[in-house]
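Novice: sequence? don't have it. structure:
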């Protein structure tokens, strides 16, 4: 196992450099000058202010006095792209992800402020997804063709079809606006994750509606995967053998069927958790959630490359770690899986 | 299979248990939700508990420190925290002293002397002196200032580009702002490098505020929790919580009339729809209204009589803003180098239809580049900004006569699709098709579009202009003067006569004469039509039933110190 983990960690290196290199190339290929965008409202900056910005963000070469180095036409000389990349990577390893063009804050500070919210929301959503998805899938499979099975199938079909942002808006309207009106203010759930009437509620209550929204589609998929996997496993010979040996249904499901059926579900939930940790742009926007997803989206639209680079780099590392943890978890679900072990010679 | 089904049909979780569990979980959530914190009103917990708090919805500001305050959201917060030298009273249509008692201008409009109010204090108790104004203005320009070293250059240094010594200071070649001097604590003298009689209007910009010595001592702390001289101060112990909220409380040592409300909770929202739902739920007192909700909101809250004051009679504001939405023509390329073609295009566009159908009347058709509310605005100022298809055809016939249903002219309209521009541009394209012009859309992202404009790589494109100061100069100089080519003058328009008139106007100290001169320049520009004005922006703000009185001026600055709420 240790060898396997080491091997996977070493695989991080080319992935990491590959991603940062691609991102870096992209930011130089995509049209549009980020410095021109900084002014806000499309108003032109003075040439001095523009040059000072380019100097600050290491986009033009400077002399020992900090003044821009000019070419024969009197234009500032840009820093070669490879030098910019090397500087970025060097700073990155020193924990410096640069400074946001637009926000004028260190990217590490922005991500440090935002990431805890994304992690907490993702954790709530994934717990909800795991419990509801696996639970509904089991009930649906065990009670195949029953009312509960139809209910699960129908509701998962609806959830898969409903866009998350629409569901979120609907939940806000029902629990945030209408419920408050109907109950004379006695009951309501917060509409915004932040920036609204935050103080009215206990902190954890803010997670209810965004978690449901974020988990909705994935829960439906998880339930469907769980159902089909469990049904598949139930048809296996070893289950029939277990039954022949007189084991109870409950024991068969919990001890034998579920563990095997869970592997694809765990894989799905694990990958989904990684995706959630990359931020949920729509849910974060609808619920005004101060997470990292909207921040990266905003940065992309505004060509705020330090945030895009820093944010995506962090996300890539997090997703790689999550994937590794998911892979490791297989061994606990199915002892037959032995990572890095020599092939069966028989 | 049937066998399997029967065997595994025994319940793992009983129906009763499932229903019971669900009910229990729901009840728990219900009870928990009912168990709200003890804050008696919406808003930040403690501020609300301390008295009457006004809850105001904003987007995440770019900056609330005066050194780089630029868009209306950051300005809204900063305006409550800081007082500049002057303020423009839109109701009285007059520029008035704010942090100063009076000012004098030299005859040649190059030197201005401001006499500060005695006894004014910063929120930390320091007296406000002329040196604090100099400090505030210098840190906005100097790349060596503590804030610029920490947070990067200001993008709004251009406000002070007329002040003597600006170039040296901005280039980092000087430490002192040569054009600013402080003969004594209460006298602040500004010398300009060229005549600019409108300069006192520039001094009404909230960015040109004084800052205490603390701003340099801990620039980072000041950036997030500025210490100003305004009617409100940052709530002690709090700072701008990025993407969440900013809490202010009344400054009791304010030199002017003290604020009526005890505090302001600026709730930071990403999405106008979510913000409006918070408003509907009673959690905001002031919020923007999504276009789709305009009619319902107008019916429910009532329309404000003057468009700017929320009161019991009407809480929805639809007053004009000093901002213009327009099409910029590249006057250096065909076919837009032909004034007749530009006029034909302009007169073919049904502005009224765009305002009514897309914006439900929350924007008004533009009849010039200078919007209503500005000193010097004239109704119907630009003859060719009116909708008249017959005249449009007359002008276009001069350039390319109609052949069948086409004039054989194809043009490219550049715009960014976000922000609702697509619908507007589609309406424009439809109008132009009716006069025989084929239009192709070019829809790069905003940053790429700006690059196209800068490189003059376009035929006609969309832009908007928001005035920094309520003066004609703030439209005519940046958009049409030759000095602004390569900057905000993106049409490539250059007319020596216009340049001369604007420059002459800048030297005239008398307001009436100066405005008259600007109007002369405006008339020539209107006849040349390098840009095609489409609409004037208007407020789309609404107040809750708690709001008894609140004035929000055309520049969207809310006079929250004078706001009155029901208990």
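Specialist: Thanks, I have it. Owing to the predicted nature of the structure, the values given are computational and were not obtained by experimental measurement.
Novice: Only C-alpha atoms from now on, for both contacts and neighbour counts.
Specialist: Will do.
Novice: Helices along the stretch 401-550 of chain B, start to end?
Specialist: Here the stretch 401-550 of chain B has its helices, by DSSP state H, counting those that start in this stretch, at B:421-434, B:446-454, B:473-480, B:496-507, B:511-528.
Novice: got a list of contacts for the first one?
Specialist: What that stands for is helix B:421-434. B:345, B:348-350, B:354, B:358, B:415-416, B:438-439 (Cα atoms under 8 Å, 6 or more residues apart in numbering or on different chains).
Novice: residue farthest from the centroid of chain A?
Specialist: residue A:72 (47.8 Å; Cα atoms, centre = their mean).
Novice: Using a markdown table, lay out the helices of the stretch 401-550 of chain B together with mean neighbour count.
Specialist: Listed next are these as a markdown table, based on neighbours: other Cα atoms under 10 Å in any protein chain shown:
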| stretch | mean neighbour count |
| --- | --- |
| helix B:421-434 | 17 |
| helix B:446-454 | 22 |
| helix B:473-480 | 22 |
| helix B:496-507 | 19 |
| helix B:511-528 | 19 |
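Novice: Among these, show the one with the smallest mean pLDDT.
Specialist: Sorting the helices of the stretch 401-550 of chain B by mean pLDDT places helix B:446-454 lowest, at a mean of 83.
Novice: who are the neighbours in contact with the residue nearest the centre of chain B?
Specialist: By Cα atoms, centre = their mean, chain B has its centre lying nearest to residue B:72, at 3.9 Å. Taking Cα under 8 Å, 6+ apart, we find residue B:72 in contact with B:555-557.
Novice: most surrounded residue in those residues?
Specialist: residue B:555 (22 neighbours; other Cα atoms under 10 Å in any protein chain shown).
Novice: Correct me if wrong: that residue contacts residue B:371.
Specialist: No - taking Cα atoms under 8 Å as the definition, residue B:555 is not a contact partner of residue B:371, at 11.7 Å.
Novice: Residues that sit against both of the two, list them.
Specialist: Jointly contacting residue B:555 and residue B:371 under the rule Cα under 8 Å, 6+ apart are B:321-322.
Novice: so where's the chain shaky on pLDDT?
Specialist: Using chain A here. Within chain A, the ranges that satisfy pLDDT under 70 run A:1, A:39-42, A:195-200, A:331-346.
Novice: Correction: the question concerned chain B.
Specialist: By pLDDT under 70, the low-scoring segments of chain B are B:1-50, B:419, B:567.
Novice: Now tell me what touches the strand of greatest length in it from outside.
Specialist: Using DSSP state E to define each element, chain B has its longest strand at strand B:320-329. For strand B:320-329, contacts defined as Cα under 8 Å, 6+ apart pick out B:307, B:336, B:342, B:363-364, B:366, B:369-374, B:459-467, B:470, B:490-491, B:530-539, B:554-556.
Novice: ok, residue B:532 to residue B:513 distance?
Specialist: Between residue B:532 and residue B:513 the distance is 27 Å, computed by Cα to Cα, to the nearest Å.
Novice: hang on, I meant residue B:227
Specialist: Using Cα to Cα, residue B:227 is found at 39 Å from residue B:513.
Novice: Pretty sure residue A:117 sits in a helix.
Specialist: Yes - Residue A:117: assigned to a helix according to DSSP: H, G, I helix; E, B strand; the rest coil.
Novice: Tell me, how many residues neighbour it?
Specialist: As a burial measure, residue A:117 scores 20 neighbours (other Cα under 10 Å).
Novice: Could you verify my assumption that it touches residue A:288?
Specialist: No - using Cα under 8 Å, residue A:117 is not in contact with residue A:288; the gap is 11.3 Å.
Novice: I'd assumed residue B:375 was in contact with residue B:516.
Specialist: No - taking contacts as Cα under 8 Å, residue B:516 lies outside contact range of residue B:375: 10.0 Å.
Novice: Spell out which parts of the stretch 201-346 of chain A neighbour chain B.
Specialist: Those residues of the stretch 201-346 of chain A that sit near chain B, judged by Cα under 8 Å from any Cα of the partner chain, are A:201-202, A:205, A:234-235, A:249-250, A:285-288, A:290, A:301-303.
Novice: from those residues, which would you call buried?
Specialist: Among those, those classed as buried by 16 or more other Cα atoms under 10 Å in any protein chain shown are A:201-202, A:205, A:234, A:249, A:285-288, A:290, A:302-303.
Novice: I'd like to know which of those residues is nearest to residue A:108.
Specialist: residue A:290 (15.1 Å; Cα to Cα).
Novice: looking at it, the closest one is touching residue B:241, isn't it?
Specialist: No - using Cα under 8 Å, residue A:290 is not in contact with residue B:241; the gap is 10.0 Å.
Novice: For the stretch 101-250 of chain A, which segments count as helices?
Specialist: Ranges of helices in the stretch 101-250 of chain A, per DSSP H, counting those that start in this stretch, are A:107-128, A:135-142, A:147-161, A:164-171, A:179-182, A:208-234, A:237-244, A:249-251.
Novice: Please compute how far the longest one lies from its chain's middle.
Specialist: Taking the mean C-alpha point of helix A:208-234 and that of its whole chain, the gap between them comes to 17 Å (Cα atoms, centre = their mean, to the nearest Å).
Novice: That one - contacts with which helices or strands?
Specialist: Counting contacts by 3 or more Cα pairs under 8 Å, 6 or more residues apart in numbering or on different chains; DSSP states H and E, helix A:208-234 packs against helix A:107-128, helix A:135-142, helix A:147-161, helix A:164-171, helix A:258-277, helix A:281-286.
Novice: May I see those helices arranged in CSV, with distance to residue B:320 as well?
Specialist: CSV is the format used below for these (distance: least, Cα to Cα, whole Å):
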stretch, distance to residue B:320
helix A:107-128, 36
helix A:135-142, 55
helix A:147-161, 42
helix A:164-171, 31
helix A:258-277, 43
helix A:281-286, 29
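Novice: can you tell which of those helices is closest to residue B:207?
Specialist: The closest of these to residue B:207 is helix A:107-128. By Cα to Cα, the value is 24.6 Å.
Novice: Report the angle between that closest one and helix A:208-234.
Specialist: Per axes from the mean of the first three to the mean of the last three Cα atoms, to 10 degrees, the angle that helix A:107-128 makes with helix A:208-234 is 50 degrees.
Novice: Please identify the buried residues of helix A:107-128?
Specialist: Buried, per 16+ other Cα under 10 Å, within helix A:107-128: A:107-108, A:110-111, A:113-115, A:117-128.
Novice: likewise stretch B:211-231?
Specialist: For stretch B:211-231, the neighbour count (16+ other Cα under 10 Å) marks B:211-212, B:215-216, B:219-220, B:222-231 as buried.
Novice: residues in contact with the nearest residue to residue A:304 once chain neighbours are set aside?
Specialist: With Cα to Cα, 6 or more residues apart in numbering or on different chains as the criterion, residue A:304 has its nearest non-adjacent residue at 5.5 Å, and that residue is residue A:101. By Cα under 8 Å, 6+ apart, residue A:101 lies in contact with A:34-35, A:38, A:57, A:304-306.
Novice: could I get these as CSV with secondary structure and neighbour count?
Specialist: CSV is the format used below for the contacts of residue A:101 (DSSP: H, G, I helix; E, B strand; the rest coil; neighbours: other Cα atoms under 10 Å in any protein chain shown):
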residue, secondary structure, neighbour count
A:34, helix, 19
A:35, helix, 20
A:38, helix, 24
A:57, coil, 17
A:304, coil, 24
A:305, helix, 24
A:306, helix, 25
